[in-house]
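>>> build me a model:
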Amino acid sequence: MSHSHNHNHSHNHSDLKGRNLLISILLNIIITVAQVIGGLLSGSLSLLSDALHNFSDVVSLMVSYIAERLSKKQASLQKTFGYKRAEILAAFINAATLIIVAVLLIIEAVERFQNPQEIESNLVIWLSFVAILGNGFSVLLLKKDSQSNMNMKSAYLHLLTDMMASVAVLIGGLLMKYFQLFLVDSVLTFAIAVYLIIMGYSLLKNSFKVLMLFTPEDIEVEDIVRVVQDIDVIKNVHHVHIWQLNEEEIHLEAHIDFKEDITLSEFDVILHKIEDLVFHNFGINHVNIQPEFGKCDDKHVIVQD
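As a prediction, this is how the structure comes out:
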């Protein structure tokens, strides 16, 4: 038997998320085109690398937007969970692209470091300033939702790191203009890439854990077993599975051995008590319990395939 505590966002909030993503996509398309043209004209690797990152932003934002739309689709007989995991999958894809882009930037930075070239710094300065404004606005649009949604966080990180990259490019352009330090172009590109790898790996790891149905890090299975077993009529809790379906749903599945052969109505009362306990103590909002009495199975196995 199962029950769930539902905490769905309103349609208005979801529409706002979609609108913000669309605005960010449009801004990054404009920035990418401008930086590619400017990078080719000026010969700036950091500007071209920033354009590459902006293009990855466009792709990641599109992935995030599609996933956000899919996540609202209703479940069906063939898709009993609907597309609730679409946003987690999008976060995983976007995190992977962050790391891939970073590796490409490192390769390019090393090659340019070995063969530095003179760069038209004025164009670099102005285009990086435009990118800072565009990405900064997009970052503000997505910041609130990024705190509670892994998909939006992946899009937010793409934009935040690109804004930081543009700041680095601007600083590099100023140093090249006034001090002729052309090597700084490669150094800044390398630094940006390292930061991307650090941020991308963290998000990749977290989204991977959700996709693999790992128990959330802040939940201890033993603590849940102890809390539930403290209920008088419960003898044993075993065969426990805990997983996070998406940003809003954490599921608990378990077998519970009762001390007495209770009635179905009595079990229903206990089930509601279990649901309240695990929801308020551990944030678990979907509970599926298999009741047992005198069944011959291993009661000492808490977790089993």
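>>> any stretches of the stretch 51-200 of the chain with poor pLDDT?
116-121, 182, 185 (pLDDT under 70).
>>> helices of that one, start to end?
86-114, 121-146, 150-179, 184-211 (DSSP state H, counting those that start in this stretch).
>>> need the contact list for the spatially most central residue of the chain.
With distances taken as Cα atoms, centre = their mean, M150 lies nearest the centre of the chain, 2.9 Å away. The contact partners of M150, by Cβ atoms under 8 Å, 6 or more residues apart in numbering, come to 87-88, 91, 203, 206-207, 210, 247. (C-beta placed from N, C-alpha, C; glycine too.)
>>> got a list of what the residue lying closest to L104 once chain neighbours are set aside touches?
Excluding its sequence neighbours, the residue lying closest to L104 (Cβ to Cβ, 6 or more residues apart in numbering) is L52, at 7.1 Å. Taking Cβ under 8 Å, 6+ apart, we find L52 in contact with 101, 104-105.
>>> also F208?
F92.
>>> how about E292?
E292 neighbours (Cβ under 8 Å, 6+ apart): 255-258.
>>> now do S207
88-89, 91-92, 95, 150, 154.
>>> so what's the residue count around L16?
By other Cβ atoms under 10 Å, the residues close to L16 number 15.
>>> now it, what's its secondary structure?
With DSSP: H, G, I helix; E, B strand; the rest coil as the basis, L16 sits in helix.
>>> and the closest residue to L142 other than its chain neighbours, how far from N115?
Among residues not flanking L142 along the chain, Y156 sits closest, at 4.4 Å (Cβ to Cβ, 6+ apart). The gap separating Y156 from N115 is 36 Å, by Cβ to Cβ, to the nearest Å.
>>> surely S186 is in contact with I106?
No. Judged on Cβ atoms under 8 Å, S186 makes no contact with I106 at a distance of 10.1 Å.
>>> which of the contacts of M150 tops the neighbour count?
Result: A91 is most packed of the contacts of M150 (other Cβ under 10 Å), 30 neighbours.
>>> re the thing from before, what sits against the closest residue to the residue nearest to the centre of the chain other than its chain neighbours?
In this structure, M150 finds its nearest non-sequential neighbour in A91, 4.3 Å apart by Cβ to Cβ, 6+ apart. Neighbour list for A91: 150-151, 153-154, 203, 206-207 [criterion: Cβ under 8 Å, 6+ apart].
>>> quick one: which two of the residues you listed are the most distant?
N151 and N206 (11.7 Å; Cβ to Cβ).
>>> between helix 150-179 and the longest strand along the chain, find me the angle.
Longest strand of the chain, by residue count under DSSP state E: strand 234-244. Interaxial angle of strand 234-244 relative to helix 150-179 (axes from the mean of the first three to the mean of the last three Cα atoms, to 10 degrees): 40 degrees.
>>> just checking: what are the partner strands of strand 234-244?
strand 250-258 (antiparallel) (DSSP bridges).
>>> for the very next helix or strand once past the partner strand, list every residue counted as buried.
If you walk from strand 250-258 toward the C-terminus, the next helix or strand you reach (DSSP states H and E) is helix 264-282. Across helix 264-282, burial judged by 16 or more other Cβ atoms under 10 Å covers 267, 270-271, 274-275, 277-279, 282.
>>> packing partners of helix 264-282?
strand 2-4, helix 221-229, strand 250-258, strand 286-292 (3 or more Cβ pairs under 8 Å, 6 or more residues apart in numbering; DSSP states H and E).
>>> number of residues surrounding the closest residue to N135 other than its chain neighbours?
Nearest non-adjacent residue to N135, counting by Cβ to Cβ, 6+ apart: M163, 3.8 Å away. Here the number of neighbours of M163 (other Cβ under 10 Å) works out to 20.
>>> how near is M163 to S138?
The gap separating M163 from S138 is 8 Å, by Cβ to Cβ.
>>> I appreciate the help and will end here.
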